[in-house]
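# coordinates only, sequence not included:
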């Protein structure tokens, strides 16, 4: 694909120039990292597809990522050729992998390597809406405590940035706008009443809004008189690319203890002849030995990757993580109306989980979600469908997203759907889906030093910090804040 087909736009952060402490070629030759995340828009027909959904590195301009040759550290060493040794090797540079690396670096003196076939934020999180919302979750679900812990950790991170004189909006794309879970029918009205009582009982700040109160907060909405919304003022949103860049920058500041191997797909795992443990990750270019742990955080590719990596082992392990495709519509410079909060219809909750494997066949659903990103663009969603690893744009789904949003925002009906194509992008991501609705977090049976952290579906960003804390606590043998038992690999794979 020619470079003329790209349209680049910088992330709004003002502090994304990276100072790296990792040597390349020699300890005197530092990598030059002009690390300013870009959106790359590819133009098939009239649509512009967000690059992070393509599976290729279109997100960056000409960047020289480190090809590590010499790490000066007592805990990370170069063997010979393209062979290196670290305490921890993480497969996957999405938000889960990067935050796990961050947690190891902050909470221990271990050395960490992150390896990926592409670059950070190229998968589901980079194609998502970036919301950190609790309103659509249930306090009696297994993921509640993990989601709540993660939410508090994100808030603590934003607060720590303020304490340092930094602006979370610039660093993370942070917006504490609150969220509105909206009901349009009498049945949804009753459900919202119960939801508010349930969330309040779990300790969240939440209130029920009548139609009049709702319209005073979101004048562009139009719903029936017998409807309303649940308002959670502490819900937030992030810009995934800015957040990933910030975390990666922080990781690189741990000089000599952190290394990245991007554009280097994993091809196998090496087992020790003496103790039977998996001792190294083999990639197309390097061999990365691990002294303590290997963490697989490769999103929807985790299941097939683990199966392929263990194909020569006697252990048969089927991790049923499936790709669940999603579309988002990003409308630039949309001035017809403004969204003041994060909006989600009640139906989103019902479309999250399926009840049986039969539901996987030809299943697609559309639920209205609407946010304004830090650039002021209107982001509309969202769709869910099972289409394998296909990331092609489905124009009929984009049309359905527009039509569904129009049922909540009548002003949109005054704008021709074809008119907005030239000023719109489509984000496509493959969510790592588990049928029981819970991520898999923990050691792989039969391989005590190999850990899984995947299957978060659409909640990878929102649950990332809690997941990272859980994995690191497991590896270090530290009691955790959240019970890991519901997320165990054992018995679910």
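Thanks, I have it. The structure presented is a predicted model; accordingly, all values stated were derived computationally and were not measured.
# low pLDDT regions in this protein?
1-81, 312-315, 350-363 (pLDDT under 70).
# what's the domain layout of it?
Here the domain parsing of the chain from automatic domain parsing is 3-127+241-320+438-487, 173-237+322-433.
# Relative to residue 153, which of those domains is closest?
domain 3-127+241-320+438-487 (3.8 Å; Cβ to Cβ). Every C-beta, even on glycine, is put in place using the N, C-alpha and C of the backbone.
# re earlier: out of the domains of the chain, which is closest to residue 135?
For the domains of the chain, proximity to residue 135 was assessed by Cβ to Cβ; domain 173-237+322-433 is nearest, at 4.3 Å.
# Would you mind telling me which of the domains of the chain is nearest residue 156?
domain 3-127+241-320+438-487 (8.7 Å).
# Now do the helices in the stretch 151-300 of the chain.
For the stretch 151-300 of the chain, the helices defined by DSSP state H, counting those that start in this stretch cover 168-172, 186-201, 211-217, 240-252.
# CSV for those helices, including distance to residue 493 and mean neighbour count?
Listed next are the helices of the stretch 151-300 of the chain as CSV, based on distance: least, Cβ to Cβ, whole Å; neighbours: other Cβ atoms under 10 Å:
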stretch, distance to residue 493, mean neighbour count
helix 168-172, 33, 22
helix 186-201, 31, 16
helix 211-217, 43, 14
helix 240-252, 28, 24
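# Adding distance to residue 326 as columns, could you present those in CSV?
Below are those laid out as CSV (distance: least, Cβ to Cβ, whole Å):
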stretch, distance to residue 326
helix 168-172, 22
helix 186-201, 23
helix 211-217, 26
helix 240-252, 13
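# so which of the domains of the chain is the most packed in?
With neighbours defined as mean count of other Cβ atoms under 10 Å, the domains of the chain peak in mean count at domain 3-127+241-320+438-487, which reaches a mean of 20.
# Reformat the domains of the chain as JSON lines; add distance to residue 135.
As requested, the domains of the chain are exported to JSON lines (distance: least, Cβ to Cβ, whole Å):
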{"stretch": "domain 3-127+241-320+438-487", "distance to residue 135": "12"}
{"stretch": "domain 173-237+322-433", "distance to residue 135": "4"}
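# of these, which approaches residue 150 most closely?
Of the domains of the chain, nearest to residue 150 by Cβ to Cβ is domain 3-127+241-320+438-487, at 3.4 Å.
# Now do the SS call for the closest residue in space to residue 344 that isn't next to it in sequence.
Leaving aside its sequence neighbours, residue 344 sits nearest to residue 369 (Cβ to Cβ, 6 or more residues apart in numbering; 4.9 Å). Under DSSP: H, G, I helix; E, B strand; the rest coil, residue 369 falls in the strand class.
# is it true that residue 369 touches residue 383?
No. Contact criterion Cβ atoms under 8 Å: residue 369 and residue 383 do not qualify, at 10.2 Å.
# Just give the nearest non-adjacent residue to residue 110, would you?
residue 87 (3.8 Å).
# residues touching the one you found, list them.
Contact analysis of residue 87 by Cβ atoms under 8 Å, 6 or more residues apart in numbering lists 75, 76, 104, 110, 111, 112, 290, 291, 292, 293.
# got it, and residue 82?
Neighbour list for residue 82: 285, 286, 287 [criterion: Cβ under 8 Å, 6+ apart].
# Could you export those as TSV, including distance to residue 310?
Shown next, in TSV, are these (distance: Cβ to Cβ, whole Å):
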residue	distance to residue 310
285	21
286	20
287	17
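# Out of those, the closest to residue 257 would be?
residue 286 (17.5 Å).
# on that earlier part again, my reading is that the residue nearest to residue 110 lies in a strand. Confirm?
Yes. Checked against three-state DSSP, residue 87 lies within a strand.
# so how far is residue 238 from it?
Here residue 87 is placed at a distance of 29 Å from residue 238 (Cβ to Cβ, to the nearest Å).
# got it, and residue 231?
In terms of Cβ to Cβ, residue 231 sits 20 Å off from residue 238.
# For residue 471, give me the backbone phi and psi.
Dihedral pair for residue 471: phi -60, psi -50, per degrees, to the nearest 10.
# doesn't residue 103 make contact with it?
Yes. Contact status for residue 471 versus residue 103: in contact at 7.4 Å, counting by Cβ under 8 Å.
# Span of stretch 87-100 from start to end?
13 Å (Cα to Cα, to the nearest Å).
# still on that earlier bit, closest to residue 418 among the contacts of residue 82?
Nearest member of those to residue 418, counting by Cβ to Cβ, is residue 285, at 46.0 Å.
# How about that closest one: what's its closest non-neighbour residue?
residue 264 (4.9 Å).
# how about the one you found, what does it touch?
So residue 264 contacts 115, 116, 117, 283, 284, 285, 286 (Cβ under 8 Å, 6+ apart).
# Report the distance from stretch 256-267 to the chain centre.
Offset of stretch 256-267 from its chain centre (Cα atoms, centre = their mean, to the nearest Å): 19 Å.
# got the end-to-end distance for that stretch?
End-to-end span of stretch 256-267 (Cα to Cα): 25 Å.
# With stretch 381-393 instead?
This stretch, stretch 381-393, spans 14 Å end to end (Cα to Cα).
# What of stretch 400-415?
15 Å.
# still on that earlier bit, nearest to residue 151, of the domains of the chain?
domain 3-127+241-320+438-487 (6.9 Å).
# Now for the residue nearest to residue 344: which residues touch it?
Shown in contact with residue 369 (Cβ under 8 Å, 6+ apart): 129, 131, 342, 343, 344, 345, 348, 379, 380, 381, 382.
# can you redo those residues as a markdown table with secondary structure?
Shown next, in a markdown table, are these (three-state DSSP):
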| residue | secondary structure |
| --- | --- |
| 129 | coil |
| 131 | strand |
| 342 | strand |
| 343 | strand |
| 344 | strand |
| 345 | strand |
| 348 | helix |
| 379 | strand |
| 380 | strand |
| 381 | strand |
| 382 | strand |
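# what's the closest of those to residue 250?
Once Cβ to Cβ is applied, the member of these that ends up nearest residue 250 is residue 131, at 22.4 Å.
# how many other residues sit next to that closest one?
For residue 131, the count of nearby residues is 25 (other Cβ atoms under 10 Å).
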